[in-house]
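>>> I would like to see how this sequence folds:
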Amino acid sequence: MAPNVPSFVERRRSGLPSTAPGSERRQFANSHRDLSPPARELAQAIDTYKLDHRRRFITCEEMLQVIQSLGYQKS
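Here you go, the predicted structure:
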């Protein structure tokens, strides 16, 4: 190590709960609480799709697939 260069300093606070390996931390844990039942069903289906496909964001095509998988169709 070069002289006068500080070593790495761990700045994260210890004692915080860590997420289990393979689980994804969610920003809004209860974001579906205030939705209507149909909107909650869609939100949960999208969350499931994202987890199954390891995606943080989905495209409009993927969202359409999720909506159609729930039985919705254009009339």
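>>> Tell me who's in contact with residue 40.
Contact analysis of residue 40 by C-beta atoms under 8 Å, 6 or more residues apart in numbering lists residue 32. The way it works is simple: take the backbone N, C-alpha and C, and place the C-beta from them, glycine included.
>>> can you tell me how far it sits from residue 5?
With distances taken as C-beta to C-beta, to the nearest Å, residue 40 is found 53 Å from residue 5.
>>> in which helix or strand would I find the nearest residue to residue 45 once chain neighbours are set aside?
Closest residue in space to residue 45, ignoring its immediate chain neighbours: residue 66 at 5.1 Å, by C-beta to C-beta, 6 or more residues apart in numbering. Taking DSSP states H and E as the definition, residue 66 sits inside helix 60-69.
>>> Show residues contacting that helix.
Here helix 60-69 makes contact (C-beta under 8 Å, 6+ apart) with 42, 45-46, 49, 53, 55, 58.
>>> Then stretch 49-58?
Here stretch 49-58 has contacts from 24, 46, 62, 65-66, using C-beta under 8 Å, 6+ apart.
>>> Quick check: PyMOL command selecting the buried ones in the residues you listed.
Per 16 or more other C-beta atoms under 10 Å, the buried members of the contacts of stretch 49-58 correspond to this PyMOL selection:
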select buried, resi 46+66
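>>> Which single one of the contacts of stretch 49-58 is nearest to residue 31?
residue 46 (11.3 Å; C-beta to C-beta).
>>> Need the nearest residue in space to the closest one, chain neighbours excluded.
Residue 46 sits nearest to residue 66 (C-beta to C-beta, 6+ apart), 5.4 Å away.
>>> Which pLDDT does the model give the one you found?
Looking at residue 66, its pLDDT is 96.
>>> Since that was my last question, I'll sign off now.
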